[in-house]
Each structure stands twice: as structure tokens, then as C-alpha cells.
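> Sharing a model prediction with you, sequence too.
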Amino acid sequence: MSEDRAHRARRFRSALGAFATGVTIVTTRDGEGRDVGLTANSFNSVSLDPPMVLWSLARGARSLPAFLAASHFAVHVLAADQEELSMRFAARGSEKFAGVDLERGVAQIPLLRGCAARFQCRTAFRHEAGDHMIFVGEVEAFDRSDLPELLFHRGRYSLAVPKASSPVPPPEFWEWTY
């Protein structure tokens, strides 16, 4: 990559950092039954009916073959106290699941405990998109807690703080794009 292109990529990444995102861990099982997981902040809702979500993974990621072959995956929206877990699953080559208390979900996918929300998905679509693959999953099961969420903003972990002066408009106020 040329220096100009590398500089532009760094500036682009910095501009994307202005958008606060949730922090997730996505898990699945590979073809040999081993648990696979990684930290991702590229998570979004797609559809309410049927319920669908998406996330993306770099095409150079070591875990890409496992997710390409998997029939199911789980997205875990991390709680504010799970920053250490996020760091563990973001690291390359570490024993990510060592000592982690797991449950098993649909298709025996690993489920982490103590999350703000969890979505168990059947892989519905895979799309190539530049240097990433986009995975769209149809949600087969989900759960949520009242735990505060962990956020990522401007290259750092953050916490959401509700504004006391902000009234919440009624549902009919919103013009949803889906």
C-alpha cells in the first residue's frame, strides 16, 4: 500500500471512529468441532420480520474459513464489565475460550454468559464486500439483560450515559428504515 493510500486509510478509520458502536464477540464451531470466536464492532440489525442481523469479518482473518463453513453463529453484545473478555477475543492466537464459562446454543455454538444481549443465528447469506465478508444471519433465538453495554468510540472503550433531559418519543414518532 502506498504511503498516500495508507495515510488515507488511517484518516478514514479515524473518521469511522466518530460513530460509537457496541462491542460484540461472534462465536461459532469449526468443522472439527472446535470453538471459534473474535471481537467485532461491525454488527447491525437488518430486518425485524424475519429477524436478521449482520456483521463483517476481514478477508485475511484466520477464523474466516470457520465462519464461511458454519451453518450457525452467535453474536454477543458485551456488557460494560466485559472489556477484558473483548481484549481476549481480539488477540490473535490466544486460547480465547480457556476458563470461560460457556453454554451451548443452537447447533452447539458456544454462548458466553453475562452479556447485555445474545443472538443465535442461522447463516442466511454471505457477501463479499471489498476487504471484508458480510455475514447475514436469521435470528433463531435471542436473550437480553438489563446490564449496561460496552461501547467503542474514537478508538477507545466507552460507556453510554443517558441524557437526563432527553424525553423518549413514542414509537409512532420514528420513521424506521426497515
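Here it is on my side, so go on.

> Can you classify Met133 by secondary structure?
The three-state label for Met133, taken from DSSP: H, G, I helix; E, B strand; the rest coil, comes out as strand.

> scratch that, Glu172
Glu172 falls in the helix class when you classify it by three-state DSSP.

> Show me where this protein has its strands.
Shown for the chain, the strands assigned by DSSP state E span residues 21-22, 24-29, 35-40, 43-48, 51-58, 72-77, 102-104, 110-112, 117-129, 132-144, 150-153, 156-159.

> Now distance to Ser165 and mean pLDDT too, for those strands, in a markdown table please.
Quick note: C-beta positions are derived from backbone N, CA and C, even for glycine. What follows is the strands of the chain, written out as a markdown table (distance: least, Cβ to Cβ, whole Å; pLDDT from 0 to 100):
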| stretch | distance to Ser165 | mean pLDDT |
| --- | --- | --- |
| strand 21-22 | 24 | 86 |
| strand 24-29 | 30 | 97 |
| strand 35-40 | 33 | 96 |
| strand 43-48 | 27 | 94 |
| strand 51-58 | 32 | 96 |
| strand 72-77 | 26 | 98 |
| strand 102-104 | 40 | 97 |
| strand 110-112 | 35 | 98 |
| strand 117-129 | 27 | 97 |
| strand 132-144 | 26 | 97 |
| strand 150-153 | 20 | 89 |
| strand 156-159 | 19 | 84 |
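
> So Ala90 versus Arg29, what's the distance?
Distance, Ala90 to Arg29, using Cβ to Cβ, to the nearest Å: 20 Å.

> higher neighbour count, those two?
Shown here are Ala90 and Arg29; by other Cβ atoms under 10 Å, Arg29 has more neighbours (21 against 15).
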